[in-house]
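>>> I would like the atomic coordinates for the input below:
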Amino acid sequence: MAKIAKFITRVLLLTVVVLNLSNPSFSQTIVKALPGFTGELPFKLETGYVEVGEKEDVVLFYYFVESERNPTDDPLLIWITGGPGCSVLRSFFFQVGPLTIEYPDTSKEIPDLHLNPYSWTKLANVIFLDEATSGFSYAKSPETYKNSDTLSAKYTYQFLSKWLEKHSKFINNSLYITGQSYSGITIPLVVQEIFNGNEAGNEPRMNIAGYVIGNPLTDRNIDFNSRIPYANQMALLSDEIYESTRANCNGDYVNVHASNKLCQSDLQRVEECLKNVYIYHILEPICTSETSTRSLLQQKIGSSTNKYPVPLPRAAKSMGQQWCRDNTYLYAVLWANIQSVQKALDIREGTIGEFVKCNSDHYDLGKKDTVNYAYDVSSTLDNHRNFTKKNCRALIISGDHDMAFSHLGTKQWIRDLHLNVDSTWAPWFVKQQVAGYTESYSQDDFTLTFVTVKGGGHAAQEFKPEECLAMASRWFDHKPL
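Numbers count the residues shown, from 1 in each chain. Presented below is the predicted three-dimensional model:
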């Protein structure tokens, strides 16, 4: 009831305030300084809004950072975060963006911002997009607050069309659709929309070159069922428990019939072994049960709320609690809720209530449709098959310590594409050290590079930023890893 009440309050706020706004369908602001960062920003940051939907009643907020190398020739990336329904600020501050956020002094009201030496804006122009009704994006009415996998892809395609019309100097840049986690569903749908639009003669024609996805959800059955074999391979489950579970569950650990008592019993043993393991990096401590594998068998994808054991990261320090990664994301939430920050970003007053990391009304741990989100695509494997007939490049990244969407599931669906193997499993290096392993595939004008990042978790860039920047630089420049 509390969740419903919070949603109704948010919608009423949007309805009362937004309907009285007369904003253009596109607006943009050059941001030269941000609270928490000393001096002017040494890179070009633009923020803005683009209205999409049949009635232009869904308003998408974005951050755009021009490449710090060569904006004219470097590729154009649009970064789509996971979730669904999560703000892109986590990617902006903790993964591939130009700034990092810290809180070393708990007496400060504004977290310190520092330059990220491993930002992907060192080599590319990057649009960071808050998808529909996430982050600072908003809807103009309760009806358009609803979203789905397919709608999200259509909105993103419309966004790109309008954005490129206003930024025509980037139309000829190679365009890549990029992101991680749940965007393994949405990114292929966006790429498909672009190919369809180009073939239909839509303007502006997009110079789509390919896509990049990290630890993606691609096929529900493949990816969720790969978790238990992964746990066995990483010594989290004994061979005896794994073999018994595999035999009694027939290799399907998600769609288990209630009458299969042997499978149910084995899965309870599995849960006892895994319930206190951090699902996004099996070597790191957990904050709450929401970031453990406690919901492993309920097809858990992402944190469903912003509930943490303490309200702010600094409180955890003062209470002497153990560091855990998910608490650090509250730094971004704290920063985004500061009035001076929203003024600097030129956020439209009254369009959202409290800024949250992820919208709880988009989630259900069983991944069934919620009141406001329809999970209407269970697999994008056919989309990947379609791309094998196009002139297209794909880079698929797996942090090898992620159990949420492990490299085992990713390797399986890649095998199911039946591509030609160009290079077999081999190490790749950064500073003369093994950074991971890679394989490459092709079919006609389609190429796919699969890369593991040694020691990386869910969103490998967050755990191994230097290695991932080196990998991205080589791949985007068409060089061997």
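>>> could you list the low-pLDDT ranges of the stretch 101-250 of the chain?
Applying pLDDT under 70 to the stretch 101-250 of the chain flags residues 103-107.
>>> which parts of it are helices?
149-166, 183-199, 220-225, 227-233, 239-249 (DSSP state H, counting those that start in this stretch).
>>> any idea which of the ones you listed gets closest to E284?
helix 227-233 (15.5 Å; Cβ to Cβ). (Each C-beta comes from the backbone N, C-alpha and C, glycine too.)
>>> one step back: looking at the helices of the stretch 101-250 of the chain, which is nearest to G83?
Across the helices of the stretch 101-250 of the chain, closest to G83 is helix 183-199 (Cβ to Cβ), at 8.2 Å.
>>> buried stuff in the closest one?
Neighbour counts over helix 183-199 (16 or more other Cβ atoms under 10 Å) mark 183-195, 197-198 as buried.
>>> T424: which of those is nearest?
G184 (24.0 Å).
>>> pull the contacting residues for the closest residue to that closest one other than its chain neighbours.
Nearest non-adjacent residue to G184, counting by Cβ to Cβ, 6 or more residues apart in numbering: P216, 2.5 Å away. Contact analysis of P216 by Cβ atoms under 8 Å, 6 or more residues apart in numbering lists Q180, S181, S183, G184, I185, I187, I396, F405, T410.
>>> ok so, going back, and which of the buried residues of helix 183-199 is nearest A435?
G184 (22.1 Å).
>>> hang on, that closest one packs against V212?
No - counting by Cβ atoms under 8 Å, G184 does not reach V212; the two are 11.0 Å apart.
>>> quick one on the thing from earlier: so can I have CSV of the helices of the stretch 101-250 of the chain showing distance to S174?
Below are these laid out as CSV (distance: least, Cβ to Cβ, whole Å):
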stretch, distance to S174
helix 149-166, 13
helix 183-199, 13
helix 220-225, 29
helix 227-233, 34
helix 239-249, 44
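>>> of all those, which lies closest to G82?
helix 183-199 (5.5 Å).
>>> hey, C-alpha coordinates of that closest one in CSV?
C-alpha atoms of helix 183-199 as CSV (Å, rounded to 0.1, in the frame of the first residue of the first chain):
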residue,chain,number,x,y,z
SER,A,183,19.7,-3.4,-21.3
GLY,A,184,20.5,-6.8,-22.9
ILE,A,185,16.8,-6.8,-23.6
THR,A,186,16.3,-3.1,-24.6
ILE,A,187,19.5,-2.5,-26.6
PRO,A,188,18.8,-5.2,-29.3
LEU,A,189,15.3,-3.8,-29.6
VAL,A,190,16.7,-0.3,-30.1
VAL,A,191,19.2,-1.5,-32.7
GLN,A,192,16.4,-3.3,-34.5
GLU,A,193,14.3,-0.1,-34.5
ILE,A,194,17.2,1.7,-36.1
PHE,A,195,17.8,-0.8,-38.8
ASN,A,196,14.0,-0.9,-39.5
GLY,A,197,13.9,2.9,-39.6
ASN,A,198,16.9,3.2,-42.0
GLU,A,199,15.3,0.6,-44.3
